[in-house]
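K.L.:
Sequence below, structure please.
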Amino acid sequence: MTKEKEVVNSMPTCGCGKSLHKPYCDGSHGRSEEQYAEWKRQTELENKNADSTNSRRNTMTISMYQASIPPMIKTLSNLRNLLEKAVAHAEAKKIDPSVLINARLYPDMFPLSRQVQIATDMAKGAASRLAGQEVPKYEDNEATFPELVARLDKTIALLENFKPEDIDGSEDRTITLPMRDSTLTFKGLPYLIDYVLPNVYFHTTTAFAILRHNGVEIGKKDFLGKVD
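P.N.:
Reported below is the predicted structural model:
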């Protein structure tokens, strides 16, 4: 079969069996004027319904709570598990835990401890700001694995206290972030999607990379955690 015939055969047909695409057939073939008018009306109605169905399929209503709290809890829980494996690795290999805690991927990058601190800062700050609440302050003085794990536990517990009604509807909430030399202003949805989640994932990924680079036996499954 030639390509031309394949194209013709793939086109919709009318009752005459010919393609509805001109110059083959415009749907009037073998029909009276009244029959053609009714056929055309039905066809336009079917096309309209199909367009409406496709439009609904392509429209997603996002829940700010579902897009923020569950993924942040899961990511921080997975990070906690990574630290637990780092503790076991240090004990098995007789490594001073501070070597891992202060390890960096490159001299101008933050160490493992700071990666954990920033990941938790991003998560607690996002939930609090989206809910219109004051952001809890941490001392940022963790220097051991138990202290870093405790920080993660505290942040996860904080996130678990938020309810959907606290977060949902915050898509257009104005979020203001004072920085060193400027102030960033967002609406709630781009704040979450474009700023918070990428930062949480970035610092968690960097923590993972630091530990793996230093010999801790972890892999993608540890980073992703349980996939339902």
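K.L.:
Next secondary structure after the longest helix along the chain?
P.N.:
Scanning the chain for the helix with the most residues, using DSSP state H, yields helix 64-92. Past helix 64-92, further along toward the C-terminus, the next helix or strand under DSSP states H and E is helix 97-101.
K.L.:
Report all helices and strands that that following helix contacts.
P.N.:
helix 64-92, helix 112-130, helix 145-160 (3 or more C-beta pairs under 8 Å, 6 or more residues apart in numbering; DSSP states H and E). All C-beta atoms are positioned from the backbone trio N, CA, C, and that covers glycine.
K.L.:
For residue 218, which of these is the nearest?
P.N.:
helix 64-92 (5.6 Å; C-beta to C-beta).
K.L.:
Show me which positions of that closest one end up buried.
P.N.:
64-65, 67-69, 72-76, 78-83, 86-87, 89-90 (16 or more other C-beta atoms under 10 Å).
K.L.:
quick revisit: against which helices or strands is the longest helix of the chain packed?
P.N.:
Applying 3+ C-beta pairs under 8 Å, 6+ apart, one finds that helix 64-92 contacts helix 97-101, helix 112-130, helix 145-160, helix 164-167, helix 197-213, helix 220-224.
K.L.:
Let's see the pLDDT reported for residue 87.
P.N.:
Residue-level confidence at residue 87 comes out at 98, pLDDT.
K.L.:
In a markdown table: the helices and strands packed on helix 97-101, plus distance to residue 194.
P.N.:
Formatted as a markdown table, the helices and strands packed on helix 97-101 follow (distance: least, C-beta to C-beta, whole Å):
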| stretch | distance to residue 194 |
| --- | --- |
| helix 64-92 | 12 |
| helix 112-130 | 12 |
| helix 145-160 | 20 |
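K.L.:
OK, contacts around residue 193?
P.N.:
Applying C-beta atoms under 8 Å, 6 or more residues apart in numbering to residue 193 gives the contacts residue 67.
K.L.:
per-residue confidence for it?
P.N.:
pLDDT at residue 193 comes out at 97.
K.L.:
Repeat that for residue 103.
P.N.:
Listed pLDDT for residue 103 reads 98.
K.L.:
again with residue 27
P.N.:
With respect to pLDDT, residue 27 scores 56.
K.L.:
Repeat that for residue 67.
P.N.:
97.
K.L.:
likewise residue 23?
P.N.:
45.
K.L.:
Can you name the residues that contact the residue sitting furthest away from the middle of the chain?
P.N.:
What lies farthest from the middle of the chain is residue 32; by C-alpha atoms, centre = their mean that is 56.1 Å. If you count contacts by C-beta under 8 Å, 6+ apart, residue 32 has none.
K.L.:
how does it look with 10 Å?
P.N.:
residue 38 (C-beta atoms under 10 Å, 6 or more residues apart in numbering).
K.L.:
Got the domain ranges for the chain?
P.N.:
Segmentation of the chain into domains, based on automatic domain parsing, reads 3-57, 65-224.
K.L.:
most tightly surrounded among these?
P.N.:
With neighbours defined by mean count of other C-beta atoms under 10 Å, none of the domains of the chain is more surrounded on average than domain 65-224, at a mean of 16.
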